[in-house]
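Enquirer: The following block contains a protein sequence and its predicted model.
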Amino acid sequence: EDLKVVIAYDCRNNSKELAHIVAEVFSANGIQVYLFSELRPTPELSFAVKFLNCHCGIVLTASHNPPEYNGYKVYWQDGGQLVPPQDKEIVTEINSLDYDEVK
């Protein structure tokens, strides 16, 4: 099964540039990427995850933090924000990566 992800960003500090970097990493590693061309609210990302039948969605945003910060929020196949047990499974997978193998 081909993996697919949709990526959105807001107006926070470098969100657009960071979204493009995330998209490049996913693409280089064989994951199909849908990247919004403009700012999008999180509900539109959630809709897109389901509409495009993606495995996850990512939004680059500071959310409730001060605007000088930024973050990376992950949304699951159902369009909702990542929750247990998937969150721990993903952290475990990240911790087991050999970063030299990531393109």
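Expert: Looks like it came in fine. Residues are numbered from 1 along each chain as shown.

Enquirer: hey, which helix is longest across the protein?
Expert: helix 15-28 (DSSP state H).

Enquirer: Beta-bridge partners for the spatially most central residue of the chain, please?
Expert: Nearest residue to the geometric centre of the chain (C-alpha atoms, centre = their mean): Ile58, 1.9 Å. Beta-bridge pairing for Ile58 (DSSP bridges): Ile7, Val74.

Enquirer: so it makes contact with Lys4?
Expert: No - using C-beta atoms under 8 Å, Ile58 is not in contact with Lys4, being 11.8 Å away. No exception for glycine: its C-beta is placed from N, CA and C like everyone else's.

Enquirer: Excluding covalently adjacent residues, which one is nearest to Tyr69?
Expert: Leaving aside its chain neighbours, Tyr69 sits nearest to Ala62 (4.8 Å; criterion: C-beta to C-beta, 6 or more residues apart in numbering).

Enquirer: Am I right that the one you found is in contact with Leu18?
Expert: No - contact between Ala62 and Leu18 fails when scored by C-beta under 8 Å: they sit 11.0 Å apart.

Enquirer: the more surrounded of the two?
Expert: Leu18 (19 against 16; other C-beta atoms under 10 Å).

Enquirer: In contact with that one, which residues?
Expert: Contacts for Leu18 (C-beta atoms under 8 Å, 6 or more residues apart in numbering) come out as 9, 60, 70, 72.

Enquirer: got it, and Pro41?
Expert: Asp10.

Enquirer: swap the cut-off to 10 Å and go again
Expert: 8, 10, 47, 59, 61 (C-beta atoms under 10 Å, 6 or more residues apart in numbering).

Enquirer: For Phe36, see how far away the closest residue in space to Lys103 that isn't next to it in sequence is.
Expert: Once flanking residues are discounted, Lys103 sits nearest to Ala28: 3.9 Å by C-beta to C-beta, 6+ apart. Taking C-beta to C-beta, to the nearest Å as the measure, Ala28 falls 19 Å from Phe36.
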